[in-house]
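Asker: Requesting a structural model of the entry that follows:
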Amino acid sequence: MTAFNSFSIKLSKIPSILLGIFALMLIVVSQNSKFSSSHVSKAKFIAPPPAIERFAFGFQEIIADMMWIRAIQDMDYCDTLAGTVSGVSICVSNSWLYKMIDAITNLSPSFRAPYAVGSLALTILITDVDGATKIFEKAVSKFPTDWPILYRAAYHYMYEVKDNKRAADLLIEAAKHGAPAWTRSLAGRLYSDSGNLDLAENLLKDMRESNQDESLVKRLEDKIKSMKTKKMDK
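Answerer: Below is the predicted model:
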C-alpha cells in the first residue's frame, strides 16, 4: 500500500471518528448532568441544539439512533414541574423529552418508534401537552395510514387537549386504515361528548397487548382511575 493510499484511508475515517466523539459527548454530558446533583429530580439534562439535522454531515440516521437510545433511558424525566392535577404531575411545555423527540424525528423523519412511543411518553408519563401535540401532529402527517398512531393521537386530543371532535376525526381515520370496527361507534359517542372513558380503556388494552413499557401502562391506569373518580363525583 502506498503512502498516498494510506493517507486517503485515514482521511476517510475522520467523519466516523468525529461522529463517535459527538455521540459520546452527547451521552456523557447528559449523564454527567444527571448525576451532578444528589437528587435525580434536580438534574438538568442538556437538550440537543436547534436544527441539529443541519450539522449531521450525512450521519442523520446514526445520530438519531444514538439520541433515541439516550431518550428512552429517561422518558419519565420532567425538567420543570408545573403542578399536579388529581395526583398526576404536569410538566412545563416543550420539555427536554419533547426537544429530544423533535430532534430525532427531524434527523430521521421515517423512524416510527419516536413518533409512536415518544408521543405516548409525552402525553401519559410527563403530561407535556403542547410537546405531545406537536409530535402527534408530526406523526399523523408522516404516517397518515398508521392506525395505532392515529388511535393514540385520538386519546391525547380527547383526554389532554379536551378536543373531542379532533379525537373523533382521528378515530374515523384509524377505522379507515385497519382499526377495529368499534372505533367508528366510539367516534360517534365522542362527537356527542361521551365515550371518553371507553377510548382510554381501549388504549390501555392496546398498550398491554403490544407490550408497551410498564411505566406507561401504570401511568395510564392511574389516569383512568382519576377519570372514573371524576365521573362518580358528578
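Asker: Which neighbouring elements make contact with the one helix or strand I63 maps to?
Answerer: I63 is located in helix 60-73, with elements delineated by DSSP states H and E. Applying 3 or more C-beta pairs under 8 Å, 6 or more residues apart in numbering; DSSP states H and E, one finds that helix 60-73 makes contact with helix 3-35, helix 96-107. For the C-beta atoms, the positions are set from N, CA and C on the backbone; glycine is no exception.
Asker: Put the alpha carbons of the very next helix or strand once past that helix into PDB.
Answerer: Counting by DSSP H and E, the next helix or strand C-terminal to helix 60-73 is strand 81-85. Written as PDB, here are the backbone C-alpha positions of strand 81-85 (Å, rounded to 0.1, in the frame of the first residue of the first chain):
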ATOM      1  CA  LEU A  81     -42.900  20.600  37.300                       C
ATOM      2  CA  ALA A  82     -45.800  23.000  36.500                       C
ATOM      3  CA  GLY A  83     -48.100  21.300  39.100                       C
ATOM      4  CA  THR A  84     -50.300  18.400  39.700                       C
ATOM      5  CA  VAL A  85     -53.900  17.600  38.800                       C
END
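Asker: Check what contacts strand 81-85 and list those residues.
Answerer: Strand 81-85 has contacts (C-beta atoms under 8 Å, 6 or more residues apart in numbering) with 89-92.
Asker: Buried among those? Need that as a selection in ChimeraX.
Answerer: Once 16 or more other C-beta atoms under 10 Å is used to decide burial, the buried members of the contacts of strand 81-85 can be selected in ChimeraX as follows:
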select :90,91
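Asker: Looking at the contacts of strand 81-85, which are in strands?
Answerer: Counting by DSSP state E, the members of these that fall within strands are 89-91.
Asker: Which one among these sits at the bottom for pLDDT?
Answerer: Here the lowest pLDDT out of these sits on S89, with 74.
Asker: mind listing what's buried in the helix holding I63?
Answerer: Residues 60, 62-68, 70-72 are the ones in helix 60-73 that count as buried (16+ other C-beta under 10 Å).
Asker: And the helix or strand where G188 lies, what does it pack against?
Answerer: With the criterion set as DSSP H and E, the secondary-structure element containing G188 is helix 182-191. Helices and strands touching helix 182-191, as assessed by 3+ C-beta pairs under 8 Å, 6+ apart, comprise helix 164-176, helix 196-209.
Asker: tell me which residues in it are buried?
Answerer: Residues of helix 182-191 classed as buried: 183, 186-187, 189-191 (neighbour count, 16+ other C-beta under 10 Å).
Asker: quick check: angle from it to helix 164-176?
Answerer: What separates the directions of helix 182-191 and helix 164-176 is an angle of 170 degrees, with axes from the mean of the first three to the mean of the last three C-alpha atoms, to 10 degrees.
Asker: any idea of the mean pLDDT for helix 182-191?
Answerer: 81.
Asker: got the CA positions of it in PDB?
Answerer: What follows is helix 182-191, C-alpha atoms only, in PDB (Å, rounded to 0.1, in the frame of the first residue of the first chain):
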ATOM      1  CA  TRP A 182     -65.900  -0.400  17.200                       C
ATOM      2  CA  THR A 183     -63.700   2.700  16.700                       C
ATOM      3  CA  ARG A 184     -66.400   4.100  14.400                       C
ATOM      4  CA  SER A 185     -69.100   3.800  17.100                       C
ATOM      5  CA  LEU A 186     -66.700   5.200  19.700                       C
ATOM      6  CA  ALA A 187     -66.100   8.200  17.400                       C
ATOM      7  CA  GLY A 188     -69.800   8.700  17.200                       C
ATOM      8  CA  ARG A 189     -70.000   8.900  21.000                       C
ATOM      9  CA  LEU A 190     -67.100  11.300  21.200                       C
ATOM     10  CA  TYR A 191     -69.000  13.600  18.700                       C
END
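Asker: Done for today, thanks.
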